[in-house]
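# When you get a sec, could you give me coordinates for this:
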Amino acid sequence: MKKLYTLSLALIAMSGFAQSVVITKVVDGTLSGAGCAGTTGSSSPKVTELYVSGTIDFTNYRIQTESNGAADASAIAWSSGLDLTPLGTVTNSFVYLVASAGTDLTKTFNEMYPSITLPTGLASGSIPNGNGNDAYRIVITDGATPTPAVVSIVDQFGNPLDIPGGSSDISAAWAYQDSYASRKNGVGPNGGTFANDSFTYGGNAAFATPNNNCEFIKNAIALGGYTLGVKQNSISGLNVYPNPVVDGNLFITSSNTAATKSVAIFDVLGKQVIKTNVTNQVVNVSKLISGVYILKITEEGKTATRKLVIK
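Next up, the predicted model:
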């Protein structure tokens, strides 16, 4: 099972985020939960926006929260998180996780964004409900019950170690109390290594009076604005054959017959097993055992990846 997860992550990493899910926005609102004209409560909406590039089956995916930071690494305590399996399969879409405001549920968000349909089937009590200094991460688990183990980290917002002072500490560069944070366009999944400069920030108290109204907050957070912005980087006329390989010879050609191609082949554990340079020549793969591999080809700064089967 772990091999399959590793292979999946390798495909994501080497294909320019062809299939990925990232945290694109976190919002800590200051509005009533009873709607834009409501008078009860002052912490809505609390929104986590995700973006799916390509197609993702969310089986065994979770989004976890680390609340109020940690004084040192041993004190970091990620929650078991929200099981995202009910999302099913999502393709090239935004997903919105909105925390319920008591009996008002998601009324304020629904008024602000009547065209957005929130996902169903999620455990509402586990939806991220950050207070401005909580970190989030998307993980893939082994699906075990009752406590699934984390197999890999896909993406993370915030670093708990930047919040050593507990619940009242909002000094981190990424803090978003009564405010928001937005992922910069083109920034893909970070695998759990968060960088402050991968987001832009509204700054703490951005939604304080007189900005605590639906119109201001909606304009400020600009949901749905993230674009992955992957540069088109295809190799013209690329042809890889035969696939599956049965006789130990792999041919790689392209429209640019004079260009040197850097060829790397990785096994399902991510280990590089072949690295060579060719110019419309055969690649000898006879020493590889039968199985599935990832083939990475680079030509004049352009990169392509293929699944390669050896029989």
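# for G33, helix, strand, or coil?
Here G33 is recorded as coil under DSSP: H, G, I helix; E, B strand; the rest coil.
# I'd like the distance between it and T108.
Using CB to CB, to the nearest Å, G33 is found at 6 Å from T108. From N, CA and C alone the C-beta is placed, and that goes for glycine too.
# ok, these two, which is more surrounded?
Per other CB atoms under 10 Å, whichever of G33 and T108 has more neighbours is T108, with 27 against 24.
# Return the distance of that one relative to N239.
From T108 to N239 the distance is 54 Å (CB to CB).
# likewise I153?
Going from I153 to N239 by CB to CB gives 36 Å.
# between those two, which one's more packed in?
Legend: neighbour count by other CB under 10 Å for I153 and N239, higher for I153 (18 against 11).
# can you pull the contacts of that one?
137-139, 191-192 (CB atoms under 8 Å, 6 or more residues apart in numbering).
# Give me the buried subset of those residues.
Buried by 16 or more other CB atoms under 10 Å: 137-139, out of the contacts of I153.
# Which residue in those has the weakest pLDDT?
Minimum pLDDT for the buried ones among the contacts of I153 is recorded at V139 (94).
# Could you point out which residue ranges in the chain have low pLDDT?
Applying pLDDT under 70 to the chain flags the ranges 1-18, 229-233.
# So in it, which strand runs the longest?
strand 44-57 (DSSP state E).
# Following the chain onward from that strand, which element is next?
strand 61-66 (DSSP states H and E).
# coming back round to it: can I get the buried ones among the contacts of I153 in TSV with distance to K25?
As requested, the buried ones among the contacts of I153 are exported to TSV (distance: CB to CB, whole Å):
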residue	distance to K25
R137	15
I138	14
V139	19
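# for the longest strand of the chain, packing partners?
The contact analysis (3 or more CB pairs under 8 Å, 6 or more residues apart in numbering; DSSP states H and E) places strand 44-57 against strand 20-31, strand 89-98, helix 107-112.
# I'd like to check the angle between it and strand 61-66, please.
Relative orientation of strand 44-57 versus strand 61-66 (axes from the mean of the first three to the mean of the last three CA atoms, to 10 degrees): 140 degrees.
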